[in-house]
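In: quick check, what structure comes out for this input:
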Amino acid sequence: MAKWAIELGEHDIEFRVRHSIKGQVLADFIIETDNIDEEDTNNSTQVIILKVENTEWKLYTDGASSSDGSGVGLMLVSPKGKEFTYALRFKFTTTNNEVEYDALLAGLRMAKELNILHLHAFVDSQLVANQIKGTFEARQPTIQLYLAKAKELIESFKSFKLVSDEAKTRRLMH
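Out: Predicted coordinates:
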């Protein structure tokens, strides 16, 4: 890090930490980058909502926790194949299972904020996927709260599919 600070310092380039993006900013960005016919400029909001309603987005999540900290990686993929990738670092201690839920919850909140109605989520935790599907029971009180919040957010989508595919998720996220 010091080496890069010296290299960048010669050119008056300053490194700034990227902070998390609020959902509305992400929604505005997608609206701006989406191709809309100029005839539909008065109805641009309706056009985008119709496009979102009739298509399925993909969400890939990956979370990790260690003694150095924890964080998550998220990738939302639009029906047209545009990728929106985010990395979040947490300043609190957490377990691997909790951070996997944090990753999914962050992705679900983003998708909800974007008014996405059809979502296909890929998580790299079989435990999280099976608890949400009801195959596994959540026994710890903290995990029960995470599970309840995840199910509450899932209810806001017209259709929701969840797949535990560790290999595919890790391949796409790295």
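
In: average model confidence for the longest helix along the chain?
Out: Among the segments of the chain that qualify as a helix by DSSP state H, the longest is helix 96-113. For helix 96-113, the mean per-residue pLDDT is 93.

In: same for it, what does it pack against?
Out: helix 23-33, strand 56-66, strand 69-77, strand 83-90, strand 118-123, helix 126-133, helix 141-154 (3 or more C-beta pairs under 8 Å, 6 or more residues apart in numbering; DSSP states H and E). The way it works is simple: take the backbone N, C-alpha and C, and place the C-beta from them, glycine included.

In: parallel or antiparallel, which strands does the fifth one pair with?
Out: Yep, that's strand 118-123 we're talking about. Strand partners for strand 118-123, identified by DSSP bridges, are recorded as strand 56-66 (parallel), strand 159-164 (parallel).

In: the third one now?
Out: Sheet pairing here is set by DSSP bridges, and for strand 69-77 it gives strand 56-66 (antiparallel), strand 83-90 (antiparallel).

In: quick one: the longest one to helix 96-113, angle?
Out: Taking axes from the mean of the first three to the mean of the last three C-alpha atoms, to 10 degrees, strand 56-66 and helix 96-113 form an angle of 150 degrees between their directions.

In: mind listing what's buried in strand 56-66?
Out: 56-63, 65 (16 or more other C-beta atoms under 10 Å).

In: just the shortest one next, same as before
Out: For strand 83-90, the neighbour count (16+ other C-beta under 10 Å) marks 84, 86, 88 as buried.
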